[in-house]
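**Q** compute the structure for the input listed below.
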Amino acid sequence: RATKEGVPFGHELAVASVTFEQCKDAIRESLDSLRREAKMDAEKLAAASSDMAESMQRNPNAMLLLNSLHRKSSYELRRAVDSSILMIAFGRFLQFAKDRLEVLGLAGMLLDVGKIMIPDEVLGKRGTLSADEYQIMKAHVQHSVDLVRGANGRLPLGIDEIILQHHERQDGTGY
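**A** Residues are numbered from 1 along each chain as shown. Predicted structure coming up:
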């Protein structure tokens, strides 16, 4: 079935599948580079987000289906792709322009990139975190902002602000 943009689901699914894999690769490579060198390729991530936003503009159902079905990758990679897809989908619902959808998609990819700086014993802990562990976990937001601001290549304006506020609630609470 075609959406209002007129691209049939079956046609877009083929394109979205390739785009989905390219986005995963871009995120995986960036996370690996961050772990090794504390650097990321912002241009590669921006291109992946742009391709994802274009696919979702043509027919969002294809990318959303891939998002629902794809469960082969690691949690952090899957969360980055999932966040990106869902942020673009919501922005599309709000009828944001393509450039804004790309910013949302890229921000979604990078929301939790700072978790690479969190010790594994805190990040993977089952059960309630202690007060100290909770403070360490909350620091991932600032780590993410610092990594994004220090990225190689230019990121669109506002991504750091989206990341900085991604745990904030509408009433201003959260962290």
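**Q** taking the centroid of the chain, which residue is nearest it?
**A** Residue closest to the mean C-alpha point of the chain, counted by Cα atoms, centre = their mean, is residue 109 at 1.8 Å.
**Q** helix, strand or coil for it?
**A** Secondary structure assignment for residue 109 (DSSP: H, G, I helix; E, B strand; the rest coil): helix.
**Q** for the protein, which segments are assigned as helices?
**A** For the chain, the helices defined by DSSP state H cover 9-37, 42-58, 60-69, 75-93, 98-110, 120-123, 131-138, 140-149, 159-164.
**Q** which one of those helices has the poorest average confidence?
**A** Lowest mean pLDDT within the helices of the chain: helix 60-69, a mean of 76.
**Q** between it and helix 75-93, what angle do the directions make?
**A** 160 degrees (axes from the mean of the first three to the mean of the last three Cα atoms, to 10 degrees).
**Q** how much does helix 60-69 deviate in direction from helix 42-58?
**A** 120 degrees.
**Q** buried stuff in helix 60-69?
**A** Across helix 60-69, burial judged by 16 or more other Cβ atoms under 10 Å covers 60, 61, 62, 63, 64, 65, 66, 67. (C-beta placed from N, C-alpha, C; glycine too.)
**Q** next: stretch 140-159.
**A** For stretch 140-159, using 16+ other Cβ under 10 Å, the buried residues are 140, 141, 143, 144, 145, 146, 147, 148, 151, 155, 159.
**Q** what would these look like in JSON lines with distance to residue 128?
**A** Putting the buried residues of stretch 140-159 into JSON lines (distance: Cβ to Cβ, whole Å) gives the following:
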{"residue": "140", "distance to residue 128": "17"}
{"residue": "141", "distance to residue 128": "20"}
{"residue": "143", "distance to residue 128": "22"}
{"residue": "144", "distance to residue 128": "23"}
{"residue": "145", "distance to residue 128": "26"}
{"residue": "146", "distance to residue 128": "27"}
{"residue": "147", "distance to residue 128": "27"}
{"residue": "148", "distance to residue 128": "29"}
{"residue": "151", "distance to residue 128": "34"}
{"residue": "155", "distance to residue 128": "35"}
{"residue": "159", "distance to residue 128": "32"}
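**Q** so which pair among those residues is furthest apart in space?
**A** Distance extremes for the buried residues of stretch 140-159: the farthest pair is 140 and 155 at 18.1 Å, using Cβ to Cβ.
**Q** tell me who's in contact with the closest residue to residue 136 other than its chain neighbours.
**A** With sequence-adjacent residues excluded and distances taken as Cβ to Cβ, 6 or more residues apart in numbering, residue 136 is closest to residue 122, at 5.1 Å. If a contact means Cβ atoms under 8 Å, 6 or more residues apart in numbering, then residue 122 has 129, 133, 136, 137 as its contacts.
**Q** cool, thanks, talk later.
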